[in-house]
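Chemist: need a 3D model of the following:
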Amino acid sequence: MRYKFLFLCSRVCLAGVVVALLTQSWGAQSAGTLPEPHLFYGINVFSDLAHEEQWQGWMPLGFNWVKIWEEKVGPVTERLPHNVLYQIDCYEFPDDLEAWGDHVEDIVTNGQGLIEAYEICNEPNTFWRPDPHPEEYFQVLQEAYTRIKAVDPEAVVVAAGLAPVGRVQGNCNGYDGNNCIAMDELKFWRAFFDLGGGDYFDVFSIHPYGFAYEPETDPYSVSNNFCFRGAELQYAILKEYGLGDRPVWATEFGWMRAAAEDGEYPGWCWYEGDYRDYVGWIEVTASEQADYIVRAFDYADKNWPWMHGMFLWNLDWYDAGWLCEPARYYSIMCVDYDAMVDPSNEDEQSNYPWFAQAYDAVRDMDKRHAEMHPRLSVSPDEFAMAAAVSETLAFNFTAQVYNPWYYTLHWTATVDMGQQIIPVLAAVSGPQGSPLVFSVSNVGYGIGTYTGKITLTATPTDTVDAPRDLPVTLFVWPEIHRVYLPAVLQRHRPVQ
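Modeler: Numbers count the residues shown, from 1 in each chain. Next comes the predicted model:
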């Protein structure tokens with residue numbers, strides 16, 4: 001969401017009906033309770049690393065992540081005092097995809113130990129030349145993911161956040177909801193996932209801008225779902241494709257302060273037709289900007305346990321372009337780096353920054369910091385079998401042990417020897433992705449119900465959801481009527 005007006009069309013050009021389904025409260029907590037801390041507090045930074053000493057000193061207290069951009073900083077060669085999300089440039093399908101992959105590999109090689117996460121491209125549903133194309137973005141992300149993991153397996157790969165453009169009409173490149181300028185973000189994601197895109201990112205990214213609305217606004221109550229909670233519709237698609245346990249980051253979000261709030265001179269932007277017609281309707285006051293940002297962090301903390309990284313747009317894009325560039329009025333710190341001189345000269349102090357109300361608000365707000373840990377997941381997470389007392393059967397089971405979060409893990413399985421059932425493990429440990437395989441026999445069991453348990457632990461020891469118990473149940477019945485269909489019918493029987 002960087003260039004003049006490209007991320008938005010007017011309410012008229014994107015007017016349409018709401019078509020996404022939102023069927024649940026998305027983890028809202030009961031009164032008086034909070035989920036475990038799950039947010040990372042971050043902010044987008046515009047300046048290049050030559051100005052690092054300045055902007056690091058002006059970072060709001062308690063923000064532990066920065067998002068920086070390849071086009072501004074180039075290679076990162078030194079460790080910053082914050083965790084880093086690095087935006088890799090890509091705005092079109094490369095003429096030579098392999099050569100572009102080499103470029104990505106060079107970035108990651110230089111960034112090992114310096115960069116935690118890489119976001120691949122920016123808003124490809126609007127900023128993709130010559131026009132939005134989910135399959136092209138899929139191929140680019142696939143190449144980037146493969147190259148990054150080959151160099152630094154612990155690096156976090158973030159799918160590009162999409163511009164919230166609403167329910168666009170039209171067909172372009174064979175995709176509905178695409179008018180060759182912008183593509184409906186919900187339809188873009190569905191096309192992307194249909195291609196298998198879920199295999200090529202660690203973190204799902206959303207850009208839940210607030211537009212002119214309070215952060216708690218129901219997305220169904222406004223045209224095109226243009227509000228902060230529009231994020232819920234995108235997360236619904238993630239769940240629809242079986243990826244609801246992937247962490248989600250808001251790699252850009254915020255509210256745009258009215259230019260007139262910064263003085264009479266910026267205030268003339270309202271009389272600039274492009275500004276007034278395209279972004280004038282999303283202006284909020286400086287106090288509303290501050291209030292809404294704090295409330296957005298609070299809403300995500302209380303109601304979205306699936307939301308992890310929250311990167312405010314932005315710290316210091318105040319000198320990113322012409323006076324009426326919208327990014328200027330999302331900025332919470334106002335500084336012209338090009339005009340900065342020796343700070344020891346009292347006559348030049350006016351070149352140093354002033355801060356919007358939002359700066360003090362986010363500096364002073366309560367923060368519940370989370371850390372990046374792996375998470376132990378297993379599917380299925382319980383096992384049951386049935387046998388007749390007259391049968392002798394061996395049951396074989398396979399469970400997938402995986403980690404949908406962050407750094408890698410290694411699992412260990414133990415059998416509770418004090419239970420009625422003692423499963424036989426094919427292997428007692430393995431890396432993430434290695435299946436848990438075990439067997440159970442009904443030999444020696446009379447009629448009744450019998451239970452057992454396998455316990456999975458993981459390293460590192462701070463792995464989320466570890467240890468965890470996997471119940472095993474055996475039902476032994478007097479008789480079971482088993483029906484065996486002829487092979488020709490078995491091929492056509494319905495799946496239960």
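Chemist: count the neighbours of the residue nearest to residue 364 when sequence neighbours are not counted for me.
Modeler: Among residues not flanking residue 364 along the chain, residue 61 sits closest, at 7.8 Å (Cβ to Cβ, 6 or more residues apart in numbering). Placement of C-beta: from N, CA and C, glycine included. If you count neighbours by other Cβ atoms under 10 Å, residue 61 ends up with 10.
Chemist: name the helix or strand for residue 190, please.
Modeler: Applying DSSP states H and E as the criterion places residue 190 in helix 185-194.
Chemist: ok, back up a step: would you mind measuring from the residue nearest to residue 364 to residue 80?
Modeler: Shown here: residue 61 relative to residue 80, a distance of 16 Å by Cβ to Cβ, to the nearest Å.
Chemist: please apply the same query to residue 167.
Modeler: Computed as Cβ to Cβ, the residue 167 to residue 80 distance reads 39 Å.
Chemist: give me the more crowded residue out of these two.
Modeler: Between residue 167 and residue 80, residue 167 has the larger neighbour count (other Cβ under 10 Å), namely 19 against 16.
Chemist: how about the residue lying farthest from the centre of the chain, secondary structure?
Modeler: No residue in the chain sits farther from the centre than residue 390, which is 53.0 Å out by Cα atoms, centre = their mean. Under the three-state scheme (DSSP: H, G, I helix; E, B strand; the rest coil), residue 390 adopts coil.
Chemist: that one is in contact with residue 479, isn't it?
Modeler: Yes. Counting by Cβ atoms under 8 Å, residue 479 is a contact partner of residue 390 at 7.5 Å.
Chemist: can you pull out the helices in the stretch 201-350 of the chain?
Modeler: Assigned by DSSP state H, counting those that start in this stretch, the helices in the stretch 201-350 of the chain fall at 231-240, 264-267, 273-278, 286-303, 327-330.
Chemist: buried sites along the longest one?
Modeler: Looking back up the chat, that one is helix 286-303. 286, 288-301, 303 (16 or more other Cβ atoms under 10 Å).
Chemist: care to break the protein down by domain?
Modeler: For the chain, automatic domain parsing gives the domain ranges 40-364, 377-477.
Chemist: mean pLDDT added to those, as a markdown table?
Modeler: As requested, these are exported to a markdown table (pLDDT from 0 to 100):
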| stretch | mean pLDDT |
| --- | --- |
| domain 40-364 | 92 |
| domain 377-477 | 96 |
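Chemist: pick the most buried one from those.
Modeler: Greatest average neighbour count among those goes to domain 40-364 (a mean of 19), per mean count of other Cβ atoms under 10 Å.
Chemist: would you map the strands across the stretch 1-150 of the chain?
Modeler: 40-44, 65-69, 83-88, 117-120 (DSSP state E, counting those that start in this stretch).
Chemist: now residue 370: how far from residue 300?
Modeler: From residue 370 across to residue 300, the span is 12 Å (Cβ to Cβ).
Chemist: with residue 361 instead?
Modeler: 16 Å.
Chemist: which SS class is residue 469?
Modeler: What three-state DSSP gives for residue 469 is strand.
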